[in-house]
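Student: What would the 3D arrangement of this be:
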Amino acid sequence: MECFSATPLNRNVIRLTMNEFQLISDSFGTGEHGNHLADLEQRLHVVVECFLFATPLSTADVEAVHEQLARQGMDERFKRNEEYFANLKRNVVADPDRFMNTVDPDKLGPSDRFYIKYEIDNATSSLVDMDEFVREYTYAFTDPPYGIRCSCDDEKRAICSQSMTRLFGDLSDFTIRKWSTDWSNYFDAGNEWWGAFLWTLVSDDGRGWWIGASTTD
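Tutor: Numbers count the residues shown, from 1 in each chain. Next comes the predicted model:
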């Protein structure tokens with residue numbers, strides 16, 4: 001299997017180690033919000049992915065925290081791909097007859113499907129206000145290409161609003177940066193037409209969110 005290495009930042013910012021950013025929760029079922037997010041995924045097929053990290057408290061260099069979140073979230077997303085294909089390979093080996101088509105387990109791996117790569121030196125970001133974030137996050141949450149399992153638009157928006165309140169609390173506590181979407185193949189699917197998004201949210205009380213969405217038909 002190929003080894004993953006991140007391109008180091010070539011910027012005059014405080015370098016923050018991965019150990020400073022402990023993973024608290026994610027949309028794959030881990031941590032304090034894991035059950036809520038996994039339930040949304042199962043019920044609604046929500047495509048917004050997120051990781052919550054513990055970040056330095058009241059740091060003076062908030063931009064460095066945002067950049068570390070962008071990098072570390074991509075690393076975590078890569079790990080989920082590795083886990084997915086490792087589990088798929090085990091299932092193919094254990095019970096090949098459960099699959100409709102013949103699958104060669106020796107050809108299963110992140111590099112054969114969606115091996116996440118990024119060049120964060122090529123990334124740019126800008127501060128966005130709360131209203132812009134809510135508007136675009138709501139679009140990503142409620143209008144994925146295949147739709148979500150809700151009876152009407154009002155129900156979609158209500159579930160989205162309730163989920164944002166549960167996850168983020170008061171959004172005015174955060175600085176929010178929106179990132180460009182041309183520095184990783186994570187964004188390729190969404191850039192085809194639906195949209196690709198990445199935000200980082202940082203609060204003084206030690207919460208740092210990586211929130212991404214990219215999908216196609």
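
Student: where exactly do the helices run in the protein?
Tutor: Taking DSSP state H, the helices of the chain run over residues 34-44, 62-94, 130-142, 153-168, 188-191.

Student: Would you mind finding the most buried of those?
Tutor: Between the helices of the chain, helix 62-94 has the highest mean count of neighbours, a mean of 18, where neighbours are mean count of other C-beta atoms under 10 Å. (C-beta placed from N, C-alpha, C; glycine too.)

Student: returning to what we had before: with distance to Ser203 as added columns, please give the helices of the chain in TSV.
Tutor: As requested, those are exported to TSV (distance: least, C-beta to C-beta, whole Å):
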stretch	distance to Ser203
helix 34-44	19
helix 62-94	10
helix 130-142	13
helix 153-168	9
helix 188-191	26
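
Student: Could you tell me the least trusted of the ones you listed?
Tutor: When the helices of the chain are ranked by mean pLDDT, helix 62-94 comes last with a mean of 78.

Student: which residues touch Trp199?
Tutor: When contacts are counted by C-beta atoms under 8 Å, 6 or more residues apart in numbering, Trp199 is found next to Val128, Phe133, Tyr137, Ile176, Arg177, Lys178, Trp179, Trp209, Trp210, Ile211, Gly212.

Student: now the second one: how far from Leu57?
Tutor: Distance check for Phe133 against Leu57: by C-beta to C-beta, to the nearest Å, it reads 22 Å.

Student: before we move on, back to that, of the contacts of Trp199, which is the most crowded?
Tutor: In terms of neighbours by other C-beta atoms under 10 Å, those top out with Trp210 at 28 neighbours.

Student: correct me, but that one touches Glu76?
Tutor: Yes. With contacts counted by C-beta atoms under 8 Å, Trp210 reaches Glu76, the gap being 7.5 Å.

Student: Mutual contacts of these two, please.
Tutor: A shared contact of Trp210 and Glu76, defined by C-beta under 8 Å, 6+ apart, is any residue touching both; here these are Phe51.

Student: Please name whichever of the helices of the chain is nearest to Leu198.
Tutor: Of all those, the one in closest proximity to Leu198, counting by C-beta to C-beta, is helix 62-94 (6.9 Å).

Student: for the residue nearest to Ala213 when sequence neighbours are not counted, what are its contacts?
Tutor: Computed as C-beta to C-beta, 6 or more residues apart in numbering, the closest residue to Ala213 that is not its neighbour in sequence is Ala140, at 4.2 Å. For Ala140, the contact set (C-beta under 8 Å, 6+ apart) comprises Val47, Val48, Gly195, Phe197, Ala213.

Student: tell me which of those is nearest to Ser161?
Tutor: Within the contacts of Ala140, the smallest distance to Ser161 is 13.5 Å, found for Val48 (C-beta to C-beta).

Student: Report how many residues lie close to that closest one.
Tutor: As a burial measure, Val48 scores 23 neighbours (other C-beta under 10 Å).
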